[in-house]
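In: Sequence below, structure please.
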Amino acid sequence: MIEIATAVPTDAAAILDLQKRAYQSEAQLYNDWSLPPLTQSLESLQHEISTITVLKAVREGVVVGSARAALAGETCAVGRLMVEPRLQGQGIGSALLHAVEACFPAAGTFELFTGSRSLDNLRLYQRHGYVESRREEVSPRLTLVFLRKQRLSAT
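Out: Residues are numbered from 1 along each chain as shown. Okay, the predicted model is just below:
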């Protein structure tokens, strides 16, 4: 059983530990251990928790997933959606994505990005209605794929 809740500053250490484990596969995929999720400080994450929406997925008292989001106008930027590596493929990422979308009923659009080689991430987002909007080459090793989802209006 997974419980999704809003993170508080005291969750920062557990989320940061999870983040470092979850992004190891991305670092290996791109041969880049300087990715921002791997170099983020505890203080920086505590500040994010205090200023934007950070969700945590908890199972048996342990943080096993997290996602961040912030609203700018009618667009919700979704970031750092992560799941404990050994628990990936069990619906935790989907649950976090749905929870983020539910937290922002005023958002007309949701945006996120992932690396072009992160095929599991791309499949997850596309399964949930996100479509590629653009690509940005960051380095010869890394191209970011930006995806968007329009909220369906109730009629």
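In: Give the rounded mean pLDDT of the top strand by length along the chain.
Out: Ranked by residue count, the top strand of the chain under DSSP state E comes out as strand 62-72. Per-residue pLDDT values across strand 62-72 average out to 97.
In: contacting residues for the closest residue to Tyr130 other than its chain neighbours?
Out: Distances taken as Cβ to Cβ, 6 or more residues apart in numbering put Leu147 closest to Tyr130, at 3.9 Å, once the chain neighbours are dropped. Placement of C-beta: from N, CA and C, glycine included. Contacts for Leu147 (Cβ atoms under 8 Å, 6 or more residues apart in numbering) come out as 111-114, 122, 125-126, 130-133.
In: doesn't Leu147 fall inside a helix?
Out: No: counting by DSSP: H, G, I helix; E, B strand; the rest coil, Leu147 is not found in a helix; it is strand.
In: who does it bridge with?
Out: Counting by DSSP bridges, Leu147 is bridged to Leu112, Glu132.
In: what's the answer for Val83, then?
Out: Beta bridges link Val83 to Gly65, judged by DSSP bridges.
In: Spit out the contact partners of it.
Out: With contact set as Cβ under 8 Å, 6+ apart, Val83 has these partners: 22, 57, 64-65, 90, 92-93, 96.
In: Repeat the analysis, applying 7 Å as the threshold.
Out: For Val83, the contact set (Cβ atoms under 7 Å, 6 or more residues apart in numbering) comprises 22, 64-65, 92-93.
In: follow-up on the earlier one: what would the contacts of Leu147 look like in CSV with distance to Ile2?
Out: Output for the contacts of Leu147, formatted as CSV (distance: Cβ to Cβ, whole Å):
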residue, distance to Ile2
Glu111, 25
Leu112, 20
Phe113, 25
Thr114, 22
Leu122, 23
Tyr125, 19
Gln126, 22
Tyr130, 21
Val131, 27
Glu132, 28
Ser133, 30
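In: Most neighbours of all those, which one?
Out: Each of the contacts of Leu147 was scored by neighbours using other Cβ atoms under 10 Å; the highest score is Tyr125's, at 25 neighbours.
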